[in-house]
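Chemist: Below are the sequence and a predicted model for it; my questions follow.
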Amino acid sequence: MTLKVIGAGFGRTGTLSMKAALERLGYNKTHHMVEVLMPKDQTQLNYWDAVGRGEQVDWHAVFEGYEACVDFPSSLYWRELAEAFPDAKVVLTVREFEGWYKSAANTIYKVSVSAPSWARLIPRPRKIFRMAHNIIWGGKFGGKFEDKAHTRKVFEDHIAEVKASLPPERLLVFQVKEGWEPLCAFLDVPVPDEPFPRLNDAEQFASMIKGMQRLQYVPFILAGLLAVGAAAAFFAFQ
């Protein structure tokens, strides 16, 4: 199995909907950040952590079992993937910058800055945050995502670079609100007789962020419980 479709769009440009759409069109499986974060199998996380630390990886091994990829982190390596899979077509998902920035700031970026420092001492979360920093927030955005002007330039430069680097027959610039027709025409597959997937995980991110923020209090709660336990033990032996 080999990659047939490479997503070059940033996360929060409709990539979760794209994953569902591509899988509906028969591109099984479609790689997304959710695969990297899978708790039961850290193979993907280990691969992308290695990529983030500058190690050479075998892209065919990374995407073994996948026919398509979308979202961070793979979309930031669209050029390498286009070379490794020369027959794959590239879909650049885009959206208006202001809406994208607000969405990214309130979801994927906020999760990355909401985690308490003590959580990063645990091996798996530490690896996740290291990977995300090396590839996305510290890598692509140079540690300046909160500088909106800087991030706008990164966003627009990325789109311009993809457009300038690939021939029209290999590249589709696509907004998910356009629906099935342009995507299916580009991939030369039939248009499904059903609505285009519209998946919005903002509520899940909001719940995750609240959970991260509550974790800030865990050390204090544990310290309080230990203090109470110690006091109870002291008075029990008086």
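Modeler: Yep, that arrived.
Chemist: Quick check, pLDDT for M131.
Modeler: With respect to pLDDT, M131 has a value of 96.
Chemist: Can you spell out which helices and strands pack onto the helix or strand hosting it?
Modeler: Using DSSP states H and E, M131 maps to helix 123-132. Packing partners of helix 123-132 (3 or more C-beta pairs under 8 Å, 6 or more residues apart in numbering; DSSP states H and E): helix 43-52. From N, CA and C alone the C-beta is placed, and that goes for glycine too.
Chemist: now for stretch 137-152, what's the gap between its first and last residues?
Modeler: End-to-end distance for stretch 137-152, by C-alpha to C-alpha, to the nearest Å: 14 Å.
Chemist: Go ahead and measure how far that stretch is from the middle of the chain.
Modeler: Its chain's C-alpha centre and that of stretch 137-152 lie 16 Å apart, by C-alpha atoms, centre = their mean, to the nearest Å.
Chemist: likewise stretch 122-139?
Modeler: On C-alpha atoms, centre = their mean, the centre of stretch 122-139 falls 12 Å from that of its chain.
Chemist: Flag every buried residue along that stretch.
Modeler: Judged by neighbour count using 16 or more other C-beta atoms under 10 Å, the buried positions of stretch 122-139 are K127, I128, F129, M131, A132, N134, I135, I136, W137, G139.
Chemist: the helices in this structure, which residues?
Modeler: 15-24, 33-36, 43-52, 59-62, 78-84, 97-106, 108-114, 123-132, 148-165, 180-187, 202-215, 218-236 (DSSP state H).
Chemist: Now the fifth one: average pLDDT?
Modeler: Which is helix 78-84. 98.
Chemist: Can you point out the buried residues in that helix?
Modeler: So helix 78-84, judged by 16+ other C-beta under 10 Å, has buried residues W78, L81, A82, A84.
Chemist: highest average neighbour count across the helices of the chain?
Modeler: Per residue and on average, the most neighbours among the helices of the chain fall to helix 15-24, with a mean of 22 (mean count of other C-beta atoms under 10 Å).
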